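**Q** need a structure here:
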Amino acid sequence: TAKKKAAAPGAPSFTELEREQAELDARKQRLMMERQLTDQEVMLKCVTEQIDFKAGRPVAACIIFRSLLHWRSFEADRTNVFDRIIQTMSRSIEHKSEDTQNLAYWLSNTTTLLFLLQRTLRTSQAASGAIGQRRRTSVSLFDRWRGGFNRPVASSAGTGSSQPPGLLPSGAPTSPAPSTVKKVEAKYPALLFKQQLTAFVEKIYGMVRDNVKREITTELGQCIQAPRAARGAAQVGTPGSKGIKSFGNTQLSQHWRLILESLTTLLNTLKENHVPAFLIRKLFTQVFSFVNVQLFNSLLLRRECCSFSNGEYVKTGLAELENWLHNAGQDSVDSAWEELRYIRQAVTFLVIHQKPKKSLDEITHDLCPVLSVQQLYRISTMYWDDKYGTETVSQEVLSNMKQMMMDDTNSSVSNSFLLDDDSSIPFSVEDISTAMAETDVSVMINNIPQPDSLKESMAFAFLTDSVSADP
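**A** Model prediction:
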């Protein structure tokens, strides 16, 4: 056999060449990671500056989505760029938790981003299984939020190897995503991000709703009972006269005006931030349901509120609220007026004339069909007329009501006459996708206007590139 040639004197050995190449590759990887980290810092700083909306598009959501797509973060096995995004949004909201403008901005952007993820990501069976396992064992997103996100978040379903925050891991594609947006087979971190974002949308929605509830609660307490001066002024007149006009005093106007101003500010802020119309309708439906519960329960718990003149007082306020709904438009508030049906029918009962002549059938089917017999009995027995001295319903009707309540007790029907406030989240991810189904994803994510802070960086030139989307 031929002898192997000896290496030339002074030439580097094969092992030395391999080591030098490995060091070169590691240096390139570090530079790439540092560049990506810088790009992510620039992007996160940009979206927290509350970028203007363009042609109804939440630009911040579009920038986040296109950046993640360009960096191929959805396909990464390990990355905590998603956690950095959630943490950034959390800090912004935590610092301004009662600022409706700030909450509406993030509600609009997070909802749009969630819709884009829903339309783009495809779940593999392995990733879906990892998500299911994580759901059973992980700390919830908002437990981490309350803890300040101090605990590290595992960014892989596999080993616990560390990874510099927000960077593409080894093994992930390093080239930019192609200029098409087909369905992306999302890996575990992307699917976890979608779950976190869903919880985030629900949290912001609940914060907006609860803030407006707190804002109007005090005024609602003043809207359920006529002021003394108003009751005194209302005592002049006869049944059938237009005594209701006597409540046009500054006290009535002030309380309802403050409530209507709060509702108007909320509606305008949501529209200015292009919050999806279906979310606005859901929000006002729950707010008006809250108004109904507060007024109705106060009426049934306080005998001084169950008077004829007080019924006229509340009816006048409800008329102002109805007029506000009409001006707001059905596209914004939908069937919110229907949420007030309990207090409306209770007030109708208080101000109806000739109550002793009304039969039980007429009361339960024509005047107050939504009220339970327990609620009707409560109002009937507490009713008093400080204006004309009229009587409540007849003893026969009261006896029949009492018998019906006894029958209901025997049949395990609830005896509670109070209403419960609904604080649930009235929508799902699927509802978001359905409500925004007509949104053209290609239009949404193409020709994104670049904020000044990104125009100076060539790293974000891809935002002006066109991509196509699956229908």
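**Q** Only C-alpha atoms from now on, for both contacts and neighbour counts.
**A** Will do.
**Q** tell me what the helix ranked longest in the chain is packed against?
**A** What stands out as the longest helix in the chain, according to DSSP state H, is helix 188-223. When contacts are defined as 3 or more C-alpha pairs under 8 Å, 6 or more residues apart in numbering; DSSP states H and E, helix 188-223 packs onto helix 81-95, helix 100-120, helix 125-137, helix 250-272, helix 277-301.
**Q** Let me see the mean pLDDT of the last one.
**A** What that stands for is helix 277-301. Model confidence over helix 277-301, given as mean pLDDT, is 95.
**Q** And the second one, by the same measure?
**A** Over the span of helix 100-120, the pLDDT mean works out to 96.
**Q** helices or strands next to that helix in the packing?
**A** In this structure, helix 100-120 packs against helix 59-70, helix 81-95, helix 188-223, helix 250-272, helix 429-435, with contacts taken as 3+ C-alpha pairs under 8 Å, 6+ apart.
**Q** nearest to Ile379, of those helices?
**A** Ile379 lies closest, by C-alpha to C-alpha, to one member of these: helix 188-223, at 18.1 Å.
**Q** Tell me the predicted confidence for Gln36.
**A** At Gln36, pLDDT is 81.
**Q** how about the host helix or strand of it: buried residues?
**A** Of the helices and strands defined by DSSP states H and E, Gln36 is found in helix 14-47. Under the neighbour-count criterion of 16 or more other C-alpha atoms under 10 Å, helix 14-47 has 33, 36-37, 39-40, 42-44, 46-47 buried.
**Q** Then stretch 322-330?
**A** Within stretch 322-330, the residues that count as buried by 16+ other C-alpha under 10 Å are 325, 328.
**Q** Okay, the residue most central in space within the chain and Pro276: tell me how far apart.
**A** In the chain, the centroid-proximal residue (C-alpha atoms, centre = their mean) is Tyr205; its distance is 2.0 Å. Between Tyr205 and Pro276 the distance is 12 Å, computed by C-alpha to C-alpha, to the nearest Å.
**Q** show me where pLDDT drops low in the stretch 251-400 of the chain?
**A** Along the stretch 251-400 of the chain, the parts satisfying pLDDT under 70 run over 251-253.
**Q** CA atoms of stretch 16-34 as PDB?
**A** Listed in PDB are the C-alpha atoms of stretch 16-34, where the atom choice follows Å, rounded to 0.1, in the frame of the first residue of the first chain:
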ATOM      1  CA  GLU A  16      -6.700  23.300  14.100                       C
ATOM      2  CA  LEU A  17      -8.700  24.200  10.900                       C
ATOM      3  CA  GLU A  18     -11.800  22.600  12.400                       C
ATOM      4  CA  ARG A  19     -11.400  24.600  15.600                       C
ATOM      5  CA  GLU A  20     -10.800  27.900  13.800                       C
ATOM      6  CA  GLN A  21     -13.900  27.200  11.700                       C
ATOM      7  CA  ALA A  22     -16.000  26.500  14.700                       C
ATOM      8  CA  GLU A  23     -14.800  29.700  16.400                       C
ATOM      9  CA  LEU A  24     -15.700  31.600  13.200                       C
ATOM     10  CA  ASP A  25     -19.200  30.100  13.100                       C
ATOM     11  CA  ALA A  26     -19.700  30.800  16.800                       C
ATOM     12  CA  ARG A  27     -18.700  34.500  16.200                       C
ATOM     13  CA  LYS A  28     -21.100  34.800  13.300                       C
ATOM     14  CA  GLN A  29     -23.900  33.300  15.500                       C
ATOM     15  CA  ARG A  30     -23.200  35.800  18.300                       C
ATOM     16  CA  LEU A  31     -23.200  38.700  15.900                       C
ATOM     17  CA  MET A  32     -26.500  37.500  14.400                       C
ATOM     18  CA  MET A  33     -28.000  37.100  17.900                       C
ATOM     19  CA  GLU A  34     -26.800  40.600  18.900                       C
END
